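1. Need a 3D model of the sequence below.
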Amino acid sequence: MHCWVHQDVLFHDGQEANMREAWEHEGDKDELHIVLQGLEQYFWKGTEAGRMGCYDFPGETWAGDGSANNGVIGAGSVRFQRPGRNLVFRVGREEEGVSSLRLELAVIARTLQATTLEVDLLYLACDSEAALNKVSRWIGSGPRTTLAGDANVDIMQSTIECIRES
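-> Next comes the predicted model:
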């Protein structure tokens, strides 16, 4: 793991140790306590999202991910500006098996549905390049793009409707 801070940052007595302790904290992986003041801001602004300016984004910032366990797929996303605003749901049909693409597409669709059209949305997809490539096909596409034969047509229809409305 890495955390970057500005080269001119000066650490005072124990600050570096406190930052390291916060980084290595063994708490619940789903807790979200982002503090952008004091010493902790250097940690958050040094993460990949922080370096891209996500914490200063003027609209809504969401992050989504999912997992498969014992043949069941679960997914969720969290809104940065209101950490209590979480979307958690089950995706897929058990007879289809476990598909991470389907899972990631469902997270994107549900997050788009939860965000109003008047607000800009920044969505951080944790680990699915395939899902982002699939969705990006529909941005600015003409009539040639089709869902014929797509195994995830039910999820993609919802996503496409949200993209075209915006």
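
2. ok, longest strand in this structure?
-> Of all the elements of type strand in the chain, the one with the most residues (DSSP state E) is strand 60-69.

3. now the helices: where do they sit in the protein?
-> Per DSSP state H, the chain has helices spanning 15-23, 40-45, 48-51, 100-114, 129-136, 153-165. These are given in chain order.

4. For the shortest one, buried residues please.
-> Using 16 or more other Cβ atoms under 10 Å as the test for burial, helix 48-51 gives Ala49, Gly50. (Glycine included, C-beta is placed from N, CA and C.)

5. Model confidence for the closest residue to Leu121 other than its chain neighbours, exactly?
-> Closest residue to Leu121 apart from its sequence neighbours, by Cβ to Cβ, 6 or more residues apart in numbering: Thr115 at 4.9 Å. Reported pLDDT at Thr115 in the predicted model: 86.

6. among the helices of the chain, which is the most enclosed?
-> Each of the helices of the chain was given a mean neighbour count from mean count of other Cβ atoms under 10 Å, and the largest, a mean of 22, is that of helix 100-114.

7. Model confidence at Ala130, what's the number?
-> 80.

8. measure the closest residue to it other than its chain neighbours to Arg82 for me?
-> Nearest non-adjacent residue to Ala130, counting by Cβ to Cβ, 6+ apart: Leu101, 5.2 Å away. Using Cβ to Cβ, to the nearest Å, we find Leu101 at a distance of 28 Å from Arg82.

9. cool, Gly14 as well?
-> Here Gly14 is placed at a distance of 32 Å from Arg82 (Cβ to Cβ).

10. Please apply the same query to Gln157.
-> For Gln157 relative to Arg82 (Cβ to Cβ), the value is 28 Å.

11. go on, Val119?
-> Using Cβ to Cβ, one gets 12 Å for the distance from Val119 to Arg82.

12. got it, and Ile160?
-> The value you get for Ile160 to Arg82, if Cβ to Cβ is used, is 27 Å.
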